[in-house]
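S.K.: how would this look folded up:
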Amino acid sequence: MFASCADPDAIEGLTWLLCYLTTGKHLLFYTSFGVVLLLMLITAPAALAFGFGGAMAARSHFLPLSLIGKAYTAMVRGVPDIIFFLFVPIALDQGFEYLRHKAKCSDWEQPIWQGNDFVVCPEAKLPLSSSPQWIHETYGFTLAVLAFAIVFGAFAANVIYGAMQAVPRAQMETAEAYGMSHRQSFWRILVPQMWIYALPGLSNLWMILIKATPLLFLLGIRDIVYWARELGGSKTSHFDYPHPDWRVWYFLALLVFYLLMTKLSEKVLGRLTVRLSHGQATLAGEMQRKAAR
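M.R.: Numbers count the residues shown, from 1 in each chain. All right, here's what the predicted structure looks like:
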């Protein structure tokens, strides 16, 4: 990166360390922290949307829709997360390619399933072999986000469903007695109040999501765990910057990163709890009213 780093064998001390920490692979390592943050920022609202939809489906009076909502939460909650994180991207990838294969290669005569191999025409591959590398990486990241959103959405659905049940039924009946329709009372009475009951469970899910981001490594994405292992491993004299096994220092940096993320999340969630508790008939709401007297 710097002109003084052109010959690593001719430098030492702090200059060597500075040059070592600014190599191309280290820049990718620093960028991977942004990938983790981007995953959380996209997955959180996506999982919340899946969860809200699953909770609404489970509460539906239409039996088939209710069964789908309850089956979604029960199925995902009953299977280890790592299995879904590995299964969902593969299933989605093959599903997308199957649909493209049917649309683009109607004259294909060979079977798609050939033993244990899933074979589609070249035009149906996602992404295409001729696509640039950034498209391959973006596609893999998108599948990872969908996997995280589906899994954590199931847990969020269970939390939101319980929060909706916790809102006193008398308030819904009062709203309907004042002339509100079922839809109006749902969106104006139930939904605004249920968030305070859902927040503790959703807060725990957010913390679990933070801890689950290293699973990106298992999905083939070069995240912070991949680069920490890659850069921290011992390097012989065949490399520009040889060094012994430094993985403990790299993983210590990841430990600090996750602890900072957890601490920041606790502060933000604490303020959000105070805000949502204002005017609510909960313990936190009662404490706010007493403090205001």
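S.K.: surely V225 meets A212?
M.R.: No: if you go by Cβ atoms under 8 Å, V225 and A212 don't touch, sitting 11.7 Å apart. In short, each C-beta sits where N, CA and C put it, glycine included.
S.K.: start to end distance for stretch 96-113?
M.R.: Using Cα to Cα, to the nearest Å, the end-to-end distance of stretch 96-113 comes out at 15 Å.
S.K.: show me what contacts the nearest residue to A58 once chain neighbours are set aside?
M.R.: Distances taken as Cβ to Cβ, 6 or more residues apart in numbering place G69 nearest to A58, at 3.5 Å, with adjacent residues excluded. G69 sits next to 53-60, 157 when contact means Cβ atoms under 8 Å, 6 or more residues apart in numbering.
S.K.: ok, 10 Å please
M.R.: 53-60, 157, 161 (Cβ atoms under 10 Å, 6 or more residues apart in numbering).
S.K.: may I have the phi/psi pair for it?
M.R.: phi -60, psi -40 (degrees, to the nearest 10).
S.K.: one more: W246?
M.R.: Torsion angles, degrees, to the nearest 10, at W246: phi -110, psi 20.
S.K.: now it: how far from S265?
M.R.: To S265, W246 is 29 Å away according to Cβ to Cβ, to the nearest Å.
S.K.: likewise V225?
M.R.: 20 Å.
S.K.: neighbour-wise, which of these two wins?
M.R.: When neighbours are counted by other Cβ atoms under 10 Å, V225 and S265 differ, and V225 comes out ahead with 20 against 16.
S.K.: can you check the pLDDT for that one?
M.R.: V225 is assigned 88 on the pLDDT scale.
S.K.: might one say that it is in contact with L255?
M.R.: No: proximity of V225 to L255 does not meet the contact threshold set by Cβ atoms under 10 Å, at 11.7 Å.
S.K.: any idea where the helices of the stretch 101-250 of the chain begin and end?
M.R.: Using DSSP state H, counting those that start in this stretch, the helices of the stretch 101-250 of the chain run over 133-166, 169-177, 182-185, 191-212, 224-232, 247-277.
S.K.: could you check the angle helix 191-212 makes with the last one?
M.R.: Okay, so that is helix 247-277. Here the directions of helix 247-277 and helix 191-212 differ by 180 degrees (axes from the mean of the first three to the mean of the last three Cα atoms, to 10 degrees).
S.K.: buried residues, helix 247-277. List them.
M.R.: By neighbour count on 16 or more other Cβ atoms under 10 Å, the buried set for helix 247-277 is 250, 254, 258, 261, 265, 269, 273, 276-277.
S.K.: which member of these is positioned nearest A103?
M.R.: Nearest to A103 among those: M261, at 42.1 Å, using Cβ to Cβ.
S.K.: grab the nearest non-local neighbour of the closest one.
M.R.: Excluding the flanking residues, the one nearest M261 by Cβ to Cβ, 6+ apart is I210, at 5.4 Å.
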